[in-house]
Structure formats: C-alpha cells, structure tokens
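Enquirer: take a look and give me a structure for this.
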Amino acid sequence: MNDDDPLDLEPDQDAEQTEPEPGTPDSAADGRRIRQQRRRAELDDRESEEWWRATFASPVGRREMWKLLQAAGIMDARFGATPNGFPDPHASFFRAGVKSVSDHFLDQWTIRDFEGVRMMRVEHDPRFPKPKPEKAKR
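Expert: Residues are numbered from 1 along each chain as shown. The predicted model follows:
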C-alpha cells in the first residue's frame, strides 16, 4: 500500500503524539494520558481538602458557611398551609426538600472536617451549648 491509501490502518511510527480532541473517550491503551488524569484528580482532591480545612479553620469561614445552612433552612421545620389555613401537603414536602439540602451539606462538611464543623455549630447553632467563659484567676 502506498502512503496515501485511506485503507492503511497501520499507525505512522513517525507521527507526533497529539492530545485527543475534547470529548473523545479515554483509551485504556494510552497509559501516559491515564497517569496524567490520575495525577490531576489527586491534585484536585488535595486542593479541595486544603480549601475546606482553611474555610472551617477561620471564624469568618465558619460564620459564612453557617449563613449558607440557614439560607437552606437548617433550622426550619415549617409546614405549608393554604391561605385559609388548611394544611397543604405539597408545600410541606417542598419545604422538606429544601431543608434536606442543608442537611446534606452539613453531612458532607462533617465528613470533610469534623472538628471545623463542630466549632461552627458550637459558635452559631443555638441547639449546641456554648462554652462557658473562663473565670479570671486571682
């Protein structure tokens, strides 16, 4: 077969290796690309862990994360009612769904940084007992 034959399926040994087009499926045969993706995923995980730890290590970070939970209804247990006061199960289930988002966030944050989330809750959650201030020794 000549060099211009479209049926020539043998790869050109001298051809330069190029990155595949975005969206092309990964090939298990491309070890270099797989290793590169694995290193990138490890770096992303490490950076993510550092960000979460820094967020919950800071009083400002804990306060802002608590505000997110409040906005998602962490403290709400409301039931829906129609304008004339009759219970509305659809509104109740909708509000329960919104609240479940804050519950999910809290669970995920606790898994990532238990001690930081505990500090956030002690500082901001009224259901947690506040630490007693230390008395000055004379």
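Enquirer: next, name the residue at the spatial heart of the chain.
Expert: Gln108 (7.4 Å; C-alpha atoms, centre = their mean).
Enquirer: packing partners for the one helix or strand it maps to?
Expert: Under the criterion of DSSP states H and E, Gln108 resides in helix 89-112. Helix 89-112 is packed against helix 31-57, helix 59-71, helix 114-124, with contacts defined by 3 or more C-beta pairs under 8 Å, 6 or more residues apart in numbering; DSSP states H and E. Glycine gets a C-beta too; all of them are placed from N, C-alpha and C.
Enquirer: and the angle from the helix or strand bottoming out on mean pLDDT in the chain to helix 31-57?
Expert: The helix or strand of the chain with the poorest confidence is helix 89-112; it has a mean of 87 (mean pLDDT, DSSP states H and E). Orientation check (axes from the mean of the first three to the mean of the last three C-alpha atoms, to 10 degrees): helix 89-112 against helix 31-57 gives 100 degrees.
Enquirer: contacts for helix 89-112?
Expert: 49, 52, 56, 65, 68-70, 72-74, 76-81, 116-117 (C-beta atoms under 8 Å, 6 or more residues apart in numbering).
Enquirer: same check on stretch 42-55?
Expert: Applying C-beta under 8 Å, 6+ apart, the set of residues contacting stretch 42-55 is 61-62, 65, 109, 112-113, 116.
Enquirer: quickly name whichever of those is closest to Gly31.
Expert: Arg112 (31.8 Å; C-beta to C-beta).
Enquirer: hmm, back to that, send me the least confident helix or strand of the chain as PDB with only the CA atoms.
Expert: The C-alpha atoms that make up helix 89-112 are tabulated as PDB, following Å, rounded to 0.1, in the frame of the first residue of the first chain:
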ATOM      1  CA  PRO A  89     -49.000  18.700  51.900                       C
ATOM      2  CA  HIS A  90     -47.400  19.800  48.600                       C
ATOM      3  CA  ALA A  91     -45.900  22.900  50.300                       C
ATOM      4  CA  SER A  92     -44.800  20.900  53.300                       C
ATOM      5  CA  PHE A  93     -43.000  18.400  51.100                       C
ATOM      6  CA  PHE A  94     -41.400  21.200  49.100                       C
ATOM      7  CA  ARG A  95     -40.100  22.800  52.300                       C
ATOM      8  CA  ALA A  96     -38.800  19.400  53.500                       C
ATOM      9  CA  GLY A  97     -37.000  19.000  50.200                       C
ATOM     10  CA  VAL A  98     -35.300  22.400  50.600                       C
ATOM     11  CA  LYS A  99     -34.300  21.600  54.200                       C
ATOM     12  CA  SER A 100     -32.800  18.300  53.000                       C
ATOM     13  CA  VAL A 101     -30.300  20.300  51.000                       C
ATOM     14  CA  SER A 102     -28.900  21.900  54.200                       C
ATOM     15  CA  ASP A 103     -28.900  18.500  55.900                       C
ATOM     16  CA  HIS A 104     -26.900  17.100  53.000                       C
ATOM     17  CA  PHE A 105     -24.400  20.000  53.100                       C
ATOM     18  CA  LEU A 106     -24.000  19.600  56.900                       C
ATOM     19  CA  ASP A 107     -23.300  15.800  56.500                       C
ATOM     20  CA  GLN A 108     -20.800  16.300  53.700                       C
ATOM     21  CA  TRP A 109     -19.000  19.100  55.500                       C
ATOM     22  CA  THR A 110     -18.800  16.900  58.700                       C
ATOM     23  CA  ILE A 111     -17.200  14.100  56.700                       C
ATOM     24  CA  ARG A 112     -14.600  16.500  55.300                       C
END
